[in-house]
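Trainee: structure for this input, please:
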Amino acid sequence: MSEQKPEEQKIEVDIQSPFGPRIAIAKLPMHIVDNLNKFCDGLVEQKQEEKAKIDKSANLVGHVTEELFCDMNHEGCHELGGILSGICKSMHNTYSEMKGIHEEAPPEAINILDSWFVRSYDGDYNPCHIHTNCQYSCILYLKVPDSISDKNFRNAKETYTTEGYIDFIYGSNAVNTSSNFTRQPIVGDLYVFPAHLMHVAYPFFGEGERRSFSANIILEYPQQMSFTEADTEKKVDESVNG
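Mentor: Numbers count the residues shown, from 1 in each chain. Sure, this is the predicted structure:
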């Protein structure tokens, strides 16, 4: 008498990521990129003495050509401010929901503490670093040279492409565990991430500019807000606090 085989059963498997920081990735429409590039171009064309007033390089770690202050009150930045607000609040609320955290008054807006343009050329790079005195940071790619692609430009024999890429680093390698997240810069790609997350921008080689926008952000709760009720809707929509 042959043994009867048990019926096959479907087993539901839910693969989760309960450890480590989360990164939000979005593709922004080109008119936002164009507006920011137009704004940055105007800053670049300023006279040297005027440009020196908005030079951020003394306070940043980048080994790059220029790092210029970006005033988020500029009309070309308002739409981006609203997008950053939505993403940061969503990241916070999603995490709170996952952890069962109940807030009587969740964050209603963001405060962009600082923002700047980064202009990089052949050989420029940003060493491994974090952003301090804030909760979230971001990077939005505005220009990417042809030499940054899915292949190394100078070290073409190397199969692992890193030239000009950004690399997010957390923890250590282990079984089914990666300690880095390497991404190719593409115009319009926006990354929003916890400010404590280590990251590095590798050097690239060849002609052209790698241009990006970065910002340091904190969430604002109702009790922190000092503006009038009439200003509330405007601030939440635009998410720009000068």
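
Trainee: could I get the pLDDT score of the closest residue to N155 other than its chain neighbours?
Mentor: The spatial neighbour of N155 that comes closest, neighbours along the chain excluded (Cβ to Cβ, 6 or more residues apart in numbering), is E163 at 6.9 Å. All C-beta spots, glycine's among them, are computed from the backbone N, C-alpha and C. E163 is assigned 97 on the pLDDT scale.

Trainee: ranges for the helices of this protein?
Mentor: For the chain, the helices identified by DSSP state H occupy 30-44, 48-52, 78-99, 229-238, in order along the chain.

Trainee: what's the closest of those helices to K151?
Mentor: Taking Cβ to Cβ as the criterion, helix 30-44 is the member of these that comes nearest to K151, at 24.1 Å.

Trainee: what angle do the closest one and helix 78-99 make?
Mentor: For the pair helix 30-44 and helix 78-99, the angle between their directions (axes from the mean of the first three to the mean of the last three Cα atoms, to 10 degrees) equals 120 degrees.

Trainee: circling back to that earlier point, my guess is the residue nearest to N155 meets F205, correct?
Mentor: Yes: E163 sits in contact with F205 when judged by Cβ atoms under 8 Å, with a separation of 6.4 Å.

Trainee: which neighbours do these two share?
Mentor: Between them, E163 and F205 share the neighbouring residues S147, F153, R154, with contact defined by Cβ atoms under 8 Å, 6 or more residues apart in numbering.

Trainee: ok, those vs P29, which is closest?
Mentor: S147 (25.5 Å).

Trainee: and that closest one, how far is that from T162?
Mentor: When Cβ to Cβ, to the nearest Å is the yardstick, S147 and T162 sit 13 Å from each other.

Trainee: ditto for V44
Mentor: Relative to T162, V44 is positioned 28 Å away (criterion: Cβ to Cβ).

Trainee: and E67, by the same measure?
Mentor: Applying Cβ to Cβ, one obtains 22 Å for the distance of E67 from T162.
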